[in-house]
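Trainee: no sequence on hand, only this structure:
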């Protein structure tokens, strides 16, 4: 019997601990645990940030497009007869952001290329039917390209902007019907020319490939659904081994020699979760499966890293986005998870950016006790240790819409609205305050007054180096003040007066985000002296939660209408991130770290436990997949 040394030419390493950075396939014996171990390749799909526009039958760039430079366009968010979507979105590896619209909105559109040099062709515009329209994308905007020779929908694409293919598809007939095509056309960056015909006519097929001379077409509906596979060499399509199971509108990406196919419709209204790998000769079953059966998503990437977006099962699935990874590292996607319920539900804590998900705080606000009773302003304070909320010493007076910065053992509360016995809605008693109070983890002490009596303000920083900004003193304010641990000094004003805004960062690198009056997409960046305009939000927001830094920030929830939307900021622009589970606004949130971000309480519903809900954010993690080897 051959030993490991006979096979590999190496002895099994004898170690007292697992190696810090083992290579794929490496085998060793851990003498401490008494186990034989190795690094194993794992494959799987994980949830990614949602797309901004829910849709299916959209276009993408298949081929070798990087998963950190994704592109989707067109599609449809209603029935097959509803208007086509003209929106374009780009993926940066973390989230989706909107870009320049297509000139002609359409669904069942084909595409190929890369994020900065892409082609979208054909498709269907309800009312006008199939189109020959071709558009080229330069990373910012779409411009007209040469028309297809044959108008069609459900077509596939492969290649680059200057060496591309369009093949298969449907002409005529109602949605779901029509005549399947064998037509292939080649694109040189300006015009289309006839290429070799497919051996099998099909619609709703899948295709991919890096160039005009190396493409693959698989699956689709003749009808019925088929697993037929063909490869193109620049002039001729040749029959290959069929897929393991026929499927239409499957998601495909990769090369003509190394491709992937997942999901699709296997029969009428039956949608699969299975994945198959093409190795240049045959299709093999991949252990990775979709979370749920789906079809008509856009896909791109390689056999080790893929990206999927949108879909239709049989109506649009919403704003789904998935990443595929096959590697020796187990990847856990960024996500929000449920934390403990607060003891007292409350909202109007907007502007409280204090602590982390393992050491958080909720100070004052408005609560309803019971939840059906009128809301009253409170002075109660709770601390969070990552598993439990505990009541601690109250702040000196009942306040809501107060600013809050720092950490659980060194926090600063400033400004706010209300007073003892204030409430109920909609006209609470009390008044705005300029009070500032410090918390040391046990008790509160009053310090230097804020420059204005104000509520609805926000802030950033620490107990000894903080900054407060915005709010309302009867109307929206642009006041900025800096705190040194004892007193406040006036800083340069915000460029735009606003209240109920979000804030995060530190004193010398802060963000002021959204807030009324309308419009509410404004973002400003503070450098410790002046405010400058930052990247605008894609949608208006106020009373939102925040976390992170000026160049790596999160914004979540908000009260333009209660929302689960989460956006990330890279110092220039905003893109989507995994959503919170409960739509709400005006909760308490973590301060200047995304990895420690939490969201506690908040409005949106006066019933149930919503005002007590806590959610915790965890960034994407990656760890080497070490497995113990056994004989069973």
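Mentor: Ah, there it is. Please read these numbers as outputs of a predicted model, since none were measured by experiment.

Trainee: for the stretch 201-350 of the chain, what spans make up the helices?
Mentor: With DSSP state H, counting those that start in this stretch as the criterion, the stretch 201-350 of the chain has no helices.

Trainee: could you measure from residue 255 over to residue 188?
Mentor: 21 Å (CB to CB, to the nearest Å). C-beta: built from backbone N, CA, C; applies to glycine.

Trainee: how about residue 241?
Mentor: Between residue 241 and residue 188 the computed distance is 31 Å (CB to CB).

Trainee: now swap in residue 567 and tell me
Mentor: Residue 567 is 40 Å from residue 188, by CB to CB.

Trainee: what of residue 92?
Mentor: 30 Å.

Trainee: so these two - more neighbours on which side?
Mentor: Under the neighbour definition other CB atoms under 10 Å, residue 92 and residue 188 were set side by side, and residue 92 has more, 16 against 13.

Trainee: wait, doesn't that one sit right on residue 68?
Mentor: Yes. Residue 92 is within contact range of residue 68, at 6.3 Å (criterion: CB atoms under 8 Å).

Trainee: and residue 416, how many neighbours does it have?
Mentor: Counted with other CB under 10 Å, the neighbours of residue 416 add up to 34.

Trainee: show me what contacts it?
Mentor: 364, 399, 400, 401, 402, 403, 432, 433, 435, 455 (CB atoms under 8 Å, 6 or more residues apart in numbering).

Trainee: switch the cut-off to 7 Å
Mentor: 364, 399, 400, 401, 402, 433, 455 (CB atoms under 7 Å, 6 or more residues apart in numbering).

Trainee: what do you get for residue 611?
Mentor: Counted by CB under 7 Å, 6+ apart, residue 611 has contacts 345, 346, 347, 367, 371, 601, 602, 603.

Trainee: and of these, the nearest to residue 153?
Mentor: Distance to residue 153 across the contacts of residue 611 (CB to CB) is lowest for residue 602, with 44.2 Å.

Trainee: if I pick that closest one, what's in contact with it?
Mentor: With contacts defined as CB under 7 Å, 6+ apart, residue 602 is in contact with 347, 557, 584, 585, 586, 587, 611.

Trainee: the third one touches residue 608, doesn't it?
Mentor: No. Shown here, residue 584 and residue 608 do not form a contact pair, counting by CB atoms under 7 Å, at 11.4 Å.

Trainee: please say which of the two ends up with more neighbours.
Mentor: Comparing residue 584 with residue 608 by neighbour count (other CB under 10 Å), the higher total belongs to residue 584, at 28 against 11.

Trainee: quick one, phi/psi of the residue nearest to the more buried one when sequence neighbours are not counted?
Mentor: For residue 584, ignoring the flanking residues on the chain, the nearest one in space by CB to CB, 6 or more residues apart in numbering is residue 602 at 3.5 Å. Taking degrees, to the nearest 10, you get phi 120, psi 160 for the backbone angles of residue 602.

Trainee: check the spacing between the closest residue to residue 339 other than its chain neighbours and residue 199 real quick.
Mentor: If the residues on either side of it in the chain are set aside, residue 339 comes closest to residue 614, at 3.5 Å by CB to CB, 6+ apart. For residue 614, the distance to residue 199 equals 59 Å [CB to CB].

Trainee: turn the contacts of residue 416 into TSV, columns for secondary structure, neighbour count and distance to residue 58.
Mentor: Shown next, in TSV, are the contacts of residue 416 (DSSP: H, G, I helix; E, B strand; the rest coil; neighbours: other CB atoms under 10 Å; distance: CB to CB, whole Å):
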residue	secondary structure	neighbour count	distance to residue 58
364	coil	28	46
399	coil	31	48
400	strand	29	44
401	coil	29	42
402	coil	30	45
433	coil	21	52
455	strand	27	44
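
Trainee: residue 485: which of the residues you listed is nearest?
Mentor: Proximity of the contacts of residue 416 to residue 485 (CB to CB) peaks at residue 402, which lies at 18.5 Å.

Trainee: is it true that the closest one touches residue 415?
Mentor: Yes. Residue 402 is in contact with residue 415 according to CB under 7 Å; the separation is 5.6 Å.
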